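Need coordinates for the below:
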Amino acid sequence: MRKNTMLVLSTLVAVVLGRPCDKAPLQGTPACDTSKGVAERAGYIVGQLQRDEQMVLFANTAGGVSRLNIDPYQWWSEALHGVGNSPGVTFSAPTPYATSFPQVITSSASFNKTLWHAIGSTISTEARAMSNVGHAGLTFWAPNINLIRDPRWGRGHETPGEDPFATARYAQSFVTGMQEGEDPGHLKVSSCCKHYYAYDLENWGETDRHTFDANITKQDETDSYLPAFFSCVVNGKASGMMCSYNAVNGVPSCANERIMSTISRGKWGFDGYITSDCGAVYDVSVSHGYAPPNETCNDVLTAGMDSDCGTFLNTYLNTSLNEGVATQSAVATALTHLFSVQIRLGIFDPVSTQPYLNYSYATKLDTQEHRQLALEAAQQGLVLLKNGGSFPLSNSTSPTIAVVGPNANATTTMQANYQGQAPYLISPLQGIGNYARTIYSLGCDTNCVDRSGFAEAREAASIADATVLVIGISTEQEAEGRDRSSIALPGAQEDLITEVVSASRGPVMVVVMAGGSVDFSVAKESSKVDSILWVGYPGQSGGQAIADALFGRVNPSGRLPATQYFKSYTTYLPMTDMNMRPDGRYNPGRTYRFLTESSVYRYGDGISYTKFIYSSSMKDSVKLSFDSILQASQAFNENGTYGTTAGSKALADLSFTVTNKGRYTGQDALLLFAVPPSPGSSGRPLKSLVEFIKVPDIAPGGAVDVIFHVYDISLCVADENGLWQPVKGDWKFGIGPDISSPVTITVQ
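Here you go, the predicted structure:
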């Protein structure tokens, strides 16, 4: 044991002591003078580089500059919901695993900003501990903050859902958790918001992400596609962004000067580096056919991109410079951005000033506190959608539970993608087995083509005291590079539900394990299905969280972060149609904000084992001045404000009371929605989420008063020119998708 410890310590010393400012030629120069500004220090380093040394620094696998004692660096490390498998990350002794939190879609269902921040902070703590033994980088390409515009998108589960306001809040909470810590002088790690922008298609039909040109309106850009990135930069202070594969309105994202330089750096004040997605610079030139290679090098650098995940710049940039196409000025600017981030991470600063370098894998990786947080995240992300009263179950009677279905014994499925190596994975079967005797039957896999296991599944349900039927999909159906053609339950899963439910002796809980929307209306409509629990992809402790809810140790408090559509929704609607608003033909509107038809379950739906009642003592309308909001909206338009409360002013406080009228203690997620005057007209949303609060446990008979601040931006809508405009008339503000206990604000 001592021998292994000494080996690890010697590795740690080697990693920490191999630093450019510890010896000549940089030692004692402005590059290492911590009293100088970051940009000045970075500029000095860039000024010392020779042309051949510059050329190896643009790839994600950046070469070193041995003459200056600058080591090679891998910019690509992943941390979507835990330190993840990626070129910059190594899972082997002494860091064989890292905490695997629920996939983002599940954590987002908690609607708990404090939880999101804590997850980011825990991930970055583990990342630093791994980095200190050379097993991770310090630049992590997370979070993914694109909206779920279309339910078929294969990567929707990587995101916080379909709402721009909630996604913006997630970006702020997660990024600050990742980057901030005990050392205000350095970034804990660098967090990178992706994919910038309007990226939400993998490979649908004959269209793939490498060639797709997303045609979006100015109205949709303002209130849908940019708010999360605005919050990422302005509220979260992210030090990284990633430009996406797709083009937007004819311009590939990685060559789009307007979004990267004019908006991000200019209006928002972005201070960091911008990397391409992997191979996206090649796509600019070849897949999109935007420009020949030498011109592409100049286009992406002058547009504002700094780093190429790939080898395109390594291959063509030097020639482009020699031919006078790319400029040395653009090269210097990009390298200054890259070195600035490394300086902020402490790579060029004394070891003695950096507490993060003391983070040890022995005390900071896979701790009991981190395991508990992963469990709590899974528990808070559970969404109870239906309950007839048979659940929660009691384990005092030693019941026998049939645990049936394609995801009943899921393990790695619960991690979804961009996962790391988890210390353990508790399946639903294992979790329930900790409470009761179980009878397991697969029934079929998630593709559910083979029905040969149906008879065994029916038999299990017929002899058990209760049945838990775990249906859904997995990364076989939805993943990066893989969109779905249908949102129906795959294969014969609907028939599996019908047959198992018909055969069941006791009550049935259907557990939906899926990131993207699936049509499970057959379960909703069945009188024999007592309960439906949506779980997304719940991470390393997912099975325990499900079992805790099944037996009442946890009262579900999540809300759906994405609409669950009927399968007919996508019949005539092309994925390539980027319009959020309905068109009166084949597009009935995207997301709950614009959807003009019914759905299986709505965004924000979710109930509890107990009964919460909402009320407000505010009976009179709140009167606000149109002119003052108009003045504010003009500033929003000038400054590039996109749909969050940053730079906005609170104009009114709305008070609500939530009372527990039921028999169980429970948390509650209060979602405040706004309904504008004449909803749906002139492209106005039908309703929009404007704030949310997670209320801690309320005992039966207890009540909690909650105050929501309403900001001037919440009383504006985006017009067809993409400009925020206040709207006169009566605005309704209420709790949940039903707009319970509405309070009126009159803009006059």
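
per-residue confidence at residue 640?
Residue 640 carries a pLDDT value of 84.

Look up the closest residue to it, ignoring the ones flanking it.
Of all residues not flanking residue 640 in the chain, residue 267 sits nearest, at 3.2 Å (Cβ to Cβ, 6 or more residues apart in numbering). All C-beta spots, glycine's among them, are computed from the backbone N, C-alpha and C.

Do I have it right that that neighbour meets residue 639?
Yes: the criterion here is Cβ atoms under 8 Å, and residue 267 meets it with residue 639 at 6.1 Å.

So for these two, which sits in the more crowded spot?
The neighbour comparison of residue 267 against residue 639 (other Cβ atoms under 10 Å) goes to residue 267, with 17 against 13.

Next one: the more buried one from residue 638, what distance?
9 Å (Cβ to Cβ, to the nearest Å).

Now the closest residue in space to residue 590 that isn't next to it in sequence: which helix or strand?
Nearest in space to residue 590, with sequence neighbours left out and distances taken as Cβ to Cβ, 6+ apart, is residue 580 at 4.8 Å. For residue 580, there is no host helix or strand (DSSP states H and E).

Identify the residues contacting residue 580.
149, 220, 224, 589, 590, 591, 593, 594 (Cβ atoms under 8 Å, 6 or more residues apart in numbering).

So the nearest residue to the second one once chain neighbours are set aside versus residue 146, what's the distance?
Translated: residue 220. Spatial nearest neighbour of residue 220, excluding adjacent residues (Cβ to Cβ, 6+ apart): residue 580 at 4.7 Å. Relative to residue 146, residue 580 is positioned 13 Å away (Cβ to Cβ).

Kindly report the same for residue 119.
For residue 119, the distance to residue 146 equals 19 Å [Cβ to Cβ].

After the lengthiest helix in the chain, which helix or strand is next? Please name it.
Looking across the chain with DSSP state H, the single longest helix is helix 113-131. Sequence order places strand 139-140 as the next helix or strand after helix 113-131, per DSSP H and E.

which strands and helices sit next to that next one?
Secondary-structure packing of strand 139-140 (3 or more Cβ pairs under 8 Å, 6 or more residues apart in numbering; DSSP states H and E): helix 113-131, strand 190-196.

Kindly compare burial across those and name the winner.
Across the helices and strands packed on strand 139-140, the average number of neighbours (mean count of other Cβ atoms under 10 Å) peaks for strand 190-196, which reaches a mean of 28.

Which strands border the very next helix or strand once past that one, and is each parallel or antiparallel?
Following strand 190-196 in sequence order, the next helix or strand is strand 203-204 (DSSP H and E). Using DSSP bridges, the strands paired with strand 203-204 are strand 207-208 (antiparallel).

For the partner strand, which outside residues touch it?
With contact meaning Cβ under 8 Å, 6+ apart, strand 207-208 is reached by 201, 202, 575, 576.

try stretch 169-178
Residues contacting stretch 169-178 (Cβ under 8 Å, 6+ apart): 79, 104, 108, 113-114, 116-124, 140, 142-143, 145, 160, 188-191, 193, 228-229, 231-232, 235-238, 644, 692.

Contact partners for residue 201?
Residues near residue 201 by Cβ under 8 Å, 6+ apart: 150, 153, 207, 208, 209, 212, 214, 246, 483, 575, 576.

For residue 48, see how far away residue 67 is.
As judged by Cβ to Cβ, residue 67 and residue 48 stand 9 Å apart.

check contacts around residue 718.
218, 219, 222, 223, 643, 683, 724, 725.

Need the helices and strands packed on strand 139-140 in a markdown table (columns: mean pLDDT).
Putting the helices and strands packed on strand 139-140 into a markdown table (pLDDT from 0 to 100) gives the following:
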| stretch | mean pLDDT |
| --- | --- |
| helix 113-131 | 98 |
| strand 190-196 | 98 |
